[in-house]
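Novice: sequence and predicted structure, then a few things I'm wondering about:
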Amino acid sequence: MTPRMTPRITRADGLRVLQLTDFYPPVLGGLERVVADLSASLARRGAEVVVGTLSAAPRQEPGVPVQRLGSTLGRLPGAHSDGTRPFHPPFPDPLTVRDLHRLVADVRPDVVHVHSWILNSWLPLRRCWPATRTVAYAHDYGLFCPRKTDQRTAEGPGCGTPGALRCARCAAVQYGPVRAAALGPGLRAMRRATRSVDALVAVSSAVADTLASALDVARPVVIPPAVDLVTDPDPPRPDVLPPGPYVLYVGQLAPHKGVDVLLDAVRSVPGLQLVVLGLPKEGWTPPRDPAVTVLTDVPHDVVMAAWRHAAVGAVPSRWADPMPLVTLEAMAQGCPLVASRVGGLVDAVDDGVTGVLVPPGDATALAAALDRIVRDPDLRHRMGTAARARSAAFHLDAVTDRWIELYTQLTGERAGEVRAWR
């Protein structure tokens, strides 16, 4: 049975928190899930939580009102390649500023906790509410990088040094030259404004170190993602899985995630079975290999059961993945991991204890580590048990405690007391 951590359960009675995010469920994504889970957890602790988002039809959560904010850019034809995801630009949006002003005046938050580029529409309003504290949470590298990846190529080293011309050229690959030209000046202004927030928090040590260098600021506080890792203690093995031990990969089917490296690694080890539960990206072709089972659009409960029954999980990212949630889910299910020694994976995986870290892009090292764990049941059991125990530090209750402690420190009052609104 999966043990649950017993945290202090810090209360937040009366604390008013406004969460701001570009997107919110039912939009799928790790950031959106973090905002939803953290907001619900804070509300259960007694906080008054409201979410503001650009999502067209945000899901309403019990005890957490969700308000839609307007978007000028979202009304412009062709402004977004995906009309269902009208992301906020890296500069103030007039309609968002207007709606956000009304929302803040109504909610009167003690803390505005911002998760994405919508930060740019809140920063100009701060002077209207000097008592309100601002927390900027970096889920990725978007506070200085227009592509939010700190990468110019899928397998290359991180960029880490913002530059107007270089950023514009790089962004043009993803957004096109016209939109890229607008992103550059906005991000430069955003970098200056971000230095004025009351707390800059990063999702992992890798993101914290990169932001400190790129933004020329003190190293941000690190708080891992707040996600609900409640697990079924003994889920049945899904019928869609192959018989016998298998390696499991869950995530995007894209080059930066290292899926091609994983396929090369598995093919080099006779008898190794690979299960891929993924989200296909344009240009990805499923391999024709009897040793590889590929399933897409798999329900979350099936994914969790697949982690529970896997011999080992693989997270072969080629880029500095900030903190993939699949890693935390695998650990909570007691699955040992072989992961790239990059990004937030270094924070999550205890090398030699809960899994093995290998150089990114190294199919030979990846194959050797996977083969070793698959062929050694005792090692699998030891690492799986240690992974489950380590996951306690990432459970929602433990992470919510850390957020409440930060909010309380910023507001200058003990938990449970409400600052005077001024």
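Specialist: Ah, there it is. Numbering: from 1, shown residues only.

Novice: distance of the residue nearest to Arg59 when sequence neighbours are not counted relative to Val50?
Specialist: Nearest residue to Arg59 in three dimensions, chain neighbours excluded: Pro25, at 4.7 Å (CB to CB, 6 or more residues apart in numbering). The C-beta positions use only the backbone N, C-alpha and C, and glycine is treated the same way. Applying CB to CB, to the nearest Å, the value for Pro25 to Val50 is 15 Å.

Novice: more neighbours, the two?
Specialist: It is Val50, of Pro25 and Val50, that has more neighbours when counted by other CB atoms under 10 Å, with 20 against 17.

Novice: thought the more buried one was touching Tyr24?
Specialist: No. Val50 lies out of contact with Tyr24 (CB atoms under 8 Å); the separation is 11.7 Å.

Novice: so what sits against both of these two?
Specialist: Val66 (CB atoms under 8 Å, 6 or more residues apart in numbering).

Novice: hang on, the earlier thing: and the residue nearest to Arg59, what is it in contact with?
Specialist: With contact set as CB under 8 Å, 6+ apart, Pro25 has these partners: 32-33, 36, 58-59.

Novice: which strand or helix spans Thr40?
Specialist: Residue 40: Ala, not Thr. Mapping Ala40 onto the secondary structure by DSSP states H and E places it in helix 30-44.

Novice: what packs against that helix?
Specialist: Judged by 3 or more CB pairs under 8 Å, 6 or more residues apart in numbering; DSSP states H and E, the packing partners of helix 30-44 are strand 16-21, strand 48-53, helix 325-332, helix 396-411.

Novice: show me the contact partners of stretch 219-226.
Specialist: Outside stretch 219-226, the residues touching it (CB under 8 Å, 6+ apart) are 30, 34, 37-38, 41, 137-139, 199-205, 207-209, 211-212, 323, 325, 328, 344, 347-348, 393-394, 396, 399-400, 402-403, 406.

Novice: quick revisit: let's have the helices and strands packed on helix 30-44 in a markdown table, adding distance to Asp289 and mean pLDDT.
Specialist: Listed next are those as a markdown table, based on distance: least, CB to CB, whole Å; pLDDT from 0 to 100:
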| stretch | distance to Asp289 | mean pLDDT |
| --- | --- | --- |
| strand 16-21 | 39 | 98 |
| strand 48-53 | 41 | 97 |
| helix 325-332 | 22 | 96 |
| helix 396-411 | 38 | 96 |
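
Novice: where does the residue sitting furthest away from the middle of the chain sit, in terms of helix or strand?
Specialist: In terms of distance from the mean C-alpha position of the chain, Pro270 ranks first, at 34.7 Å (CA atoms, centre = their mean). If you go by DSSP H and E, Pro270 is not part of any helix or strand.

Novice: how about Tyr137?
Specialist: Using DSSP H and E, Tyr137 sits in strand 133-138.

Novice: quick one: low-confidence ranges for the stretch 51-200 of the chain?
Specialist: Low-confidence segments of the stretch 51-200 of the chain (pLDDT under 70): 74-86, 152-166, 168, 171-182, 184.

Novice: can you give me the strands in it?
Specialist: 66-68, 111-114, 133-138, 199-202 (DSSP state E, counting those that start in this stretch).

Novice: tabulate those strands (CSV), appending mean neighbour count.
Specialist: Listed next are the strands of the stretch 51-200 of the chain as CSV, based on neighbours: other CB atoms under 10 Å:
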stretch, mean neighbour count
strand 66-68, 18
strand 111-114, 26
strand 133-138, 24
strand 199-202, 22
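
Novice: redo these as TSV? Include distance to Met190.
Specialist: Shown next, in TSV, are these (distance: least, CB to CB, whole Å):
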stretch	distance to Met190
strand 66-68	23
strand 111-114	11
strand 133-138	10
strand 199-202	12
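
Novice: who's in contact with Gly355?
Specialist: 312-313, 336-339, 349, 373, 383, 387.

Novice: mind listing what's buried along stretch 245-256?
Specialist: 245-251, 253-256 (16 or more other CB atoms under 10 Å).

Novice: that older thread, most surrounded residue in the contacts of Pro25?
Specialist: With neighbours taken as other CB under 10 Å, the top of those is Ala36, carrying 24 neighbours.

Novice: how near is that residue to His309?
Specialist: Ala36 is 27 Å from His309, by CB to CB.

Novice: same check on Thr210?
Specialist: 36 Å.

Novice: these two: which has the busier surroundings?
Specialist: Neighbour count, other CB under 10 Å: between Thr210 and His309, Thr210 has more, with 26 against 17.

Novice: per-residue confidence for that one?
Specialist: pLDDT recorded at Thr210 is 92.

Novice: which phi and psi does it have?
Specialist: Backbone geometry at Thr210, expressed as degrees, to the nearest 10, gives phi -70, psi -40.

Novice: my guess is it contacts Ala320. True?
Specialist: Yes. Judged on CB under 8 Å, Thr210 makes contact with Ala320 at a distance of 7.4 Å.

Novice: so which residues of this protein form helices?
Specialist: 30-44, 94-107, 119-122, 164-175, 177-194, 205-215, 259-267, 300-309, 325-332, 345-348, 363-374, 377-390, 396-411 (DSSP state H).

Novice: nearest to Leu183 among the contacts of Gly355?
Specialist: Of all those, Leu183 sits closest to Ala339, with 31.2 Å by CB to CB.

Novice: do I have it right that the closest one meets Ser317?
Specialist: Yes. Under the criterion of CB under 8 Å, Ala339 makes contact with Ser317 at 7.4 Å.

Novice: mind checking which of the two has more residues around it?
Specialist: Neighbour comparison, Ala339 and Ser317: the larger count goes to Ala339, with 30 against 26 (by other CB under 10 Å).
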